[in-house]
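[1] sequence and predicted structure below; questions after.
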Amino acid sequence: MTPQQNQTPAGQRRAPQGQPLSVVLAGGGSAGHVSPLLAIAAAIRDRQPAAAILAVGSRGGLEETLVPAAGHELAFIERIPLPRRPSADFAKLPGRMRQAVATAKGILNDAEADVLVGVGGYVCTPMYLAAKSLGVPIVIHEANTRAGLANKVGARFTSHVGTAFAATKIRHAHLVGMPMRADIAGLDRAGARAGARQRLGLDPELPALIVTGGSLGALRLNTAVAGALDALAEAGIQTLHITGKGKPVLNDDGTELTAPLYRQVEYVETMADVYAAADLLLCRSGAGTVSEVAAVGLPAVFVPLPIGNGEQARNADELVRAEAALLVPDADLDAAWIEREVVPLVLDAPRLELMGAAAARHGIRDAAERMADMVFAAGGTPSA
């Protein structure tokens with residue numbers, strides 16, 4: 001697009017007929033933002049291989065590693081936290097925001113952007129304001145049950161707003177689900193089970209509990225599971241414990257904890273293998289995890305992270321009410337709870353089957369494709 005075209009009124013900027021779309025995707029800081037961003041980018045490229053993709057994030061976030069690893073160019077903008085009460089930072093906000101919006105305009109113009117996609121995070125507010133000023137159509141994905149402030153701002157400027165959860169309250173919301181990796185979205189758990197168990201070092205026949213606190217691990221989960229290992233093994237349950245990078249579970253003498261039918265690893269590269277191999281997943285209830293568990297039809301026990309505004313408990317609420325999952329408060333999870341609740345559940349194959357079927361009924365596998373539909377619609381080009 002020419003600079004003159006950049007000055008068209010908001011909502012009228014469009015890719016020339018027949019030309020590949022130029023899409024800028026903004027967001028980052030956490031896996032909860034970066035993962036859907038990359039899934040949307042992949043869906044766009046699947047539809048239109050020649051589409052130009054540029055991601056915008058902030059330095060120090062996971063996007064700095066994950067976006068280039070996915071083969072996409074990454075531009076940076078200053079993180080602008082929005083203070084919720086008067087402070088020194090609040091006084092500096094107008095000047096910092098003006099500078100960030102100027103940087104965002106430069107990024108959009110240099111990319112000749114036809115569409116801006118925002119997935120939330122501090123970087124999105126100046127990107128939304130810049131896109132509004134330049135007339136670049138905006139598409140938003142909100143991953144959480146409580147919409148973030150940046151996405152609430154952006155939703156004032158567009159009707160293309162997708163949400164991961166039906167309960168999310170945000171202007172122009174359309175339920176699309178959580179964009180996720182293709183290997184997870186297309187997972188056939190039964191068909192992939194044998195290969196996944198082999199790759200993870202699990203017995204092909206024994207019931208399997210897999211425990212993960214996410215990429216950073218979770219001390220409460222680690223401690224509770226370590227205390228329940230005797231009961232799990234006595235019941236014939238094998239446990240794969242994903243402890244988190246740099247967070248092995250240790251004995252009192254500092255050596256790595258070992259036990260019958262128990263294996264601990266700090267990280268698993270392919271979560272699709274985890275979902276295929278597990279009979280039951282014990283995990284936190286981040287939005288991505290909840291959405292993926294539902295999509296693949298995996299029974300789960302959720303332990304919401306006990307910080308923030310209760311967001312993780314709300315994420316799990318739909319599956320818990322559908323009897324597709326259990327929820328235990330972080331403070332209540334201990335070895336005794338695992339012995340009392342988890343051990344009999346892992347051994348109850350009929351109940352697990354019902355839970356998995358209930359989860360699958362609430363899962364959405366094509367969220368990335370639905371978001372790509374929004375992007376092409378906003379850009380005024382065929383989705384190919």
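    Noted; the coordinates are in hand.
[2] quick one: contacts for the residue lying closest to residue 199 once chain neighbours are set aside?
    Nearest residue to residue 199, sequence neighbours excluded (CB to CB, 6 or more residues apart in numbering): residue 273, at 5.5 Å. Any C-beta I mention is one placed from the backbone N, CA and C, and that applies to glycine too. Taking CB atoms under 8 Å, 6 or more residues apart in numbering, we find residue 273 in contact with 192, 195-196, 199-200.
[3] check which helix or strand covers residue 273.
    Assignment of secondary structure by DSSP states H and E places residue 273 within helix 271-277.
[4] list the buried ones in that helix?
    271-277 (16 or more other CB atoms under 10 Å).
[5] CA atoms only for it, dumped as CSV, please.
    Extracted as CSV, the C-alpha positions of helix 271-277 are listed here (Å, rounded to 0.1, in the frame of the first residue of the first chain):
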residue,chain,number,x,y,z
MET,A,271,2.3,-31.9,24.6
ALA,A,272,0.3,-33.9,22.1
ASP,A,273,2.2,-36.9,23.3
VAL,A,274,1.2,-36.1,26.9
TYR,A,275,-2.5,-35.8,26.0
ALA,A,276,-2.4,-39.0,24.1
ALA,A,277,-0.6,-41.0,26.7
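[6] for the following helix or strand past it, name the packing helices and strands.
    Going down the chain from helix 271-277, the next helix or strand is strand 280-283, by DSSP H and E. Strand 280-283 sits against strand 208-212, helix 219-227, helix 287-296, strand 300-302, with contacts defined as 3 or more CB pairs under 8 Å, 6 or more residues apart in numbering; DSSP states H and E.
[7] closest to residue 247 out of these?
    Closest to residue 247 of these is helix 219-227 (CB to CB; 6.8 Å).
[8] identify the residues contacting the closest one?
    Counting by CB under 8 Å, 6+ apart, 211-213, 239, 241, 243-244, 247, 249, 257, 282-284, 303, 330, 333-335, 337-338 sit against helix 219-227.
[9] same thing but 10 Å
    Helix 219-227 is contacted by residues 209, 211-214, 218, 232, 239, 241-244, 247-251, 257, 259, 262, 264, 282-284, 301, 303, 305-306, 328, 330-339, 342 when judged by CB atoms under 10 Å, 6 or more residues apart in numbering.
[10] out of those residues, which are buried?
    209, 211-214, 218, 232, 239, 241-244, 247-249, 257, 262, 264, 282-284, 301, 303, 305, 328, 330, 333, 335, 337-339, 342.
[11] which stretches in the stretch 101-250 of the chain count as helices?
    Along the stretch 101-250 of the chain, counting by DSSP state H, counting those that start in this stretch, helices occupy 124-134, 149-154, 182-185, 189-200, 219-227, 229-234.
[12] list the contacts of the nearest residue to residue 204 once chain neighbours are set aside.
    Leaving aside its chain neighbours, residue 204 sits nearest to residue 197 (5.3 Å; criterion: CB to CB, 6+ apart). Contacts for residue 197 (CB under 10 Å, 6+ apart) come out as 203-206, 208, 238, 240, 273, 276-278.
[13] any stretches of this structure with poor pLDDT?
    1-18, 81-92, 215-217, 382-384 (pLDDT under 70).
[14] how is it divided into domains?
    5-181+365-379, 187-362 (automatic domain parsing).
[15] deepest in the core, which of the ones you listed is it.
    Among the domains of the chain, domain 5-181+365-379 has the highest mean neighbour count (mean count of other CB atoms under 10 Å), at a mean of 20.
[16] who's in contact with residue 366?
    43, 176-177, 179-180, 185-186, 295, 372-373.
[17] switch the cut-off to 7 Å
    For residue 366, the contact set (CB atoms under 7 Å, 6 or more residues apart in numbering) comprises residue 185.
[18] cool, and residue 118?
    26-27, 124, 127-128, 138, 140, 151, 154.
[19] could you point out which of the residues you listed is nearest to residue 320?
    residue 151 (25.0 Å).
[20] and the strands in this protein?
    22-26, 52-57, 73-76, 115-118, 138-142, 161-163, 173-175, 208-212, 238-242, 262-265, 280-283, 300-302, 325-327 (DSSP state E).
[21] of all those, which one is nearest residue 132?
    Between these, strand 138-142 lies closest to residue 132; by CB to CB that is 7.2 Å.
[22] residue 19 is nearest to which of the helices and strands packed on strand 280-283?
    So among the helices and strands packed on strand 280-283, helix 287-296 is nearest, using CB to CB, at 33.4 Å.
[23] other residues contacting that closest one?
    31-32, 35, 143-144, 164, 177-178, 180, 184-185, 187, 189, 275, 281, 283, 300, 315-316, 319, 359, 362-365.
[24] please repeat the previous calculation with a cut-off of 6 Å.
    32, 35, 143-144, 164, 178, 180, 184, 187, 189, 275, 283, 300, 315-316, 359, 362-363, 365 (CB atoms under 6 Å, 6 or more residues apart in numbering).
[25] and if you look at stretch 339-352?
    With CB under 6 Å, 6+ apart, stretch 339-352 has contacts from 207, 209, 228, 231, 235, 237, 279-280, 299.
[26] go with 7 Å
    207, 209, 228, 231-232, 235, 237, 279-280, 282, 299, 301, 326.
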